[in-house]
Structures are given as structure tokens and as C-alpha cells.
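Asks: this is the structure alone, sequence omitted:
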Ligand SMILES: NC(=O)c1ccc[n+]([C@@H]2O[C@H](COP(=O)([O-])OP(=O)(O)OC[C@H]3O[C@@H](n4cnc5c(N)ncnc54)[C@H](O)[C@@H]3O)[C@@H](O)[C@H]2O)c1
């Protein structure tokens, strides 16, 4: 049996996916340059190679010594704000590097790929819940860097037989249920870890950006998906790569939105801490509501969320943050 190469396997979503793949008996190998990832997030007995995805010798060494037959490609930069300041870096790190990696993999005879994309490709959606066939008009370079990669795949399929699936995640959140693995980003920009760091007393208050959106309580609405459900979506995608698929792009979300204010209220209940909340002006580039239409992934990949109710999202993350107040 061949192995699955997980690029970015030391990162938040990658490391949870490595664990789930292993629990299912897969052989896994990780390539990660640790620019934002953590060596401690990978089990000691999983082969780990530190390096960049464009290091051709390293990729060849990994592919040949582990008989890699498919790749899950998480490695990327993913800070929207940073991408506004240095778009060139995002087009290079995400788009150009992925293109080089995929071309090299194809030369090495590896033609199966699952790719991490994002709801940021939709920009300001015309319809919510957002179907995959919606127009994609990213409003930041991060989203564009991912959309450009998506657009290369049908051509690589036609010319070189690439078998691919794109997963467009909505907001990843939560942690392993035993609290041993979780989100450790620096800087942290995601709502739930920020809220929980505030509950731990590491931050003075949680800031809510904008309470004048056209939503029931005026705060932005997002679709949160548990990192374990995301991991399972990758396993489902891998298993589908060999089948004839007339759809290869899938949203991964729950189809249910929570407002920022609602998330904060549930976090106060789960943690039992009444932390301070401050209201600030809207942030540039935040659409009012991003919620996935999720019928397609259910029908074609047979995936559905099991851990993505807000209580489980927050209580699993709370367990992680309490037991690892300073991360890994
Ligand atoms: N977290 C979310 O809510 C979310 C939502 C949508 C899409 N995504 C996408 O999912 C993927 C994983 O996100 P995450 O939150 O786990 O991020 P993360 O930063 O925790 O993980 C990314 C990993 O990739 C590694 N990496 C980055 N560039 C590399 C390179 N050139 N060579 C080798 N390794 C490299 C990093 O060290 C890190 O371990 C990313 O592609 C991201 O764009 C994330």
C-alpha cells in the first residue's frame, strides 16, 4: 500500500488530518517547513521531513522512499490581512509554489491531489447559503491566490491526468476531543481562539468588529466547521479520487451560520467566564454573512459534519486552550 503525503501536516488542520488518517490505517508522511506549524503536532512515529514544497530533491526523496500515491496539500499562507499588505508574497507562496509542486509530483508519477481552498474565493456572495457554482470574486489576495490554483486543475487533468478534489473550507474551529491537539497560530486571528484566550485572561477583552451589519443582531455571520469534520472530509475526498467525478469542488461547512455575538454568548456559557466585550468599527473586507451550501459534499462524497455544533466546537477548543495555555 502506498502512502499519503500531507504537506503542511504540522499545521492546525493538517495535523488533525494526519491523526485521522492514521486512525484509519493509512500510511502517512509529512512535509512541512514549520513556518507556522509545530513539530510537536505530528506523532513521533509519523515520518516527518522539514522542507519547502518547492524543494524538488526533498519531494522526490519523500515520494520515492515512501511510495507516495496521493497528496493532501495544506501548506500555504492564510492570513487575509497580511495578504492585503503583501499580495506578491501570497501569489508566490500559494499560487506559484503549488503550481511548481503539482508539476513536480506529476513528473514523479503522483497524480492524485486533494487541495485546501477557502470560502474566501467567493468574496461577497450574491446568494447565501453559497452554492459551489456561485461566481468567485475574491476580495483579498489570499482568496485570489487560492482561486488561481483551483483554475489550473481542470487543465492539468486534461493534459496530464491529474485526479483532483478542491475543498473550500468555511471557518475551521475546534480541537481534538482529548484536548491534546488544537489551534496554535501566531498571530491568532480566528474568533474562537481569541475568545477563549480572553476567557483565560490572556487578553483583556474580545473585540467585535461591526454591529451594524444587516444581520439579526448586527454582527457578522459565519459557518464554523470542526477540524475533525474537516479531517474526515479529506479522507472522503481521497477515497473519491479514483472514481469518475463530475464535480470536483466542494464546500465544507455545516450550512448553519452563527453570528459573532452568538459565538461569544455560547463561549461565556461553556467557559463560565464573563469576559469583557468591546465593539469596534467594521473591518475592511468582511462580508456580512458567509454560510455554505453543503448538499453537494453530502451527496457525492457522503460527508456530513458530526462535531460542528457550537457547543462541541467551543468545548473541545476550551479543553485544548486550558491544557495548553501557551500552545504546543
Ligand atoms: N484555518 C481555516 O479556517 C482555513 C479556512 C480555509 C482554508 N484554510 C486553508 O487550509 C490550509 C491549512 O490551514 P491551517 O489553518 O491549518 O494553517 P497552518 O498555518 O496552521 O498550517 C499550514 C502549514 O503549512 C506549512 N507550510 C506553509 N508554507 C509551506 C511551504 N512552502 N512548504 C512547506 N510547508 C509549508 C506551515 O508550516 C504549516 O504547518 C491552508 O491552505 C489554508 O489556506 C484554512
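Replies: All right, it came through fine. Since this is a predicted model, take the numbers as computed values, not measurements.
Asks: rest of the way, CA atoms for contacts and neighbours
Replies: Will do.
Asks: residue 70: what secondary structure?
Replies: strand (DSSP: H, G, I helix; E, B strand; the rest coil).
Asks: element containing the residue in the chain sticking out farthest from the centre?
Replies: Within the chain, residue 274 marks the point farthest from the mean C-alpha position, 29.5 Å out by Cα atoms, centre = their mean. Secondary structure assignment for residue 274, by DSSP states H and E: no helix or strand.
Asks: could you find the closest non-adjacent residue to it?
Replies: residue 268 (5.7 Å; Cα to Cα, 6 or more residues apart in numbering).
Asks: that neighbour: how many residues sit nearby?
Replies: Using other Cα atoms under 10 Å, the number of residues around residue 268 comes to 17.
Asks: give me the element it is part of.
Replies: helix 260-271.
Asks: name the helix or strand for residue 319, please.
Replies: helix 310-323.
Asks: hmm, that helix in reach of the ligand?
Replies: No - using Cα under 6 Å from any ligand atom, helix 310-323 stays clear of the ligand, coming no nearer than 12.8 Å.
Asks: what packs against that helix?
Replies: helix 191-199, strand 224-226, helix 260-271 (3 or more Cα pairs under 8 Å, 6 or more residues apart in numbering; DSSP states H and E).
Asks: quick check: mean pLDDT across stretch 304-317?
Replies: Taken as a whole, stretch 304-317 has an average pLDDT of 97.
Asks: go through that stretch and flag the buried ones.
Replies: Under the neighbour-count criterion of 16 or more other Cα atoms under 10 Å, stretch 304-317 has 304, 305, 307, 308, 310, 311, 312, 313, 314, 315, 316, 317 buried.
Asks: next one: stretch 24-35
Replies: 26, 27, 28, 29, 30, 31, 32, 33, 34.
Asks: so which of those reach the ligand?
Replies: Restricting those to those near the ligand - Cα under 6 Å from any ligand atom - leaves 32, 33, 34.
Asks: list the contacts for the second one?
Replies: Taking Cα atoms under 8 Å, 6 or more residues apart in numbering as the definition of contact, the neighbours of residue 33 are 8, 50, 51, 52.
Asks: ignoring the adjacent residues along the chain, who's closest to it?
Replies: Residue 33 sits nearest to residue 51 (Cα to Cα, 6+ apart), 4.4 Å away.
Asks: how far away is that neighbour from the ligand?
Replies: 6 Å (Cα to the nearest ligand atom, to the nearest Å).
Asks: residue ranges for the helices of the stretch 151-300 of the chain, please.
Replies: 191-199, 227-240, 260-271, 295-301 (DSSP state H, counting those that start in this stretch).
Asks: buried ones in the lowest-mean-pLDDT helix or strand in the chain?
Replies: Using mean pLDDT, DSSP states H and E, the weakest-scoring helix or strand in the chain turns out to be helix 80-85, at a mean of 92. Using 16+ other Cα under 10 Å as the test for burial, helix 80-85 gives 80, 81, 83, 84.
Asks: let's have those in JSON lines, adding distance to residue 15.
Replies: Output for those, formatted as JSON lines (distance: Cα to Cα, whole Å):
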{"residue": "80", "distance to residue 15": "22"}
{"residue": "81", "distance to residue 15": "24"}
{"residue": "83", "distance to residue 15": "24"}
{"residue": "84", "distance to residue 15": "27"}
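Asks: what does residue 13 show for phi and psi?
Replies: Residue 13 adopts backbone torsions of phi -80, psi -40, taken as degrees, to the nearest 10.
Asks: show me the contacts for it.
Replies: 74, 172, 227, 230, 231.
Asks: re the thing from before, nearest to the ligand, of the buried residues of helix 80-85?
Replies: Proximity of those to the ligand was ranked by Cα to the nearest ligand atom; the top entry is residue 80 with 9.5 Å.
Asks: what does the stretch 101-250 of the chain put close to the ligand?
Replies: Close to the ligand, as judged by Cα under 6 Å from any ligand atom, the stretch 101-250 of the chain has residues 116, 117, 118, 169, 170, 171, 172.
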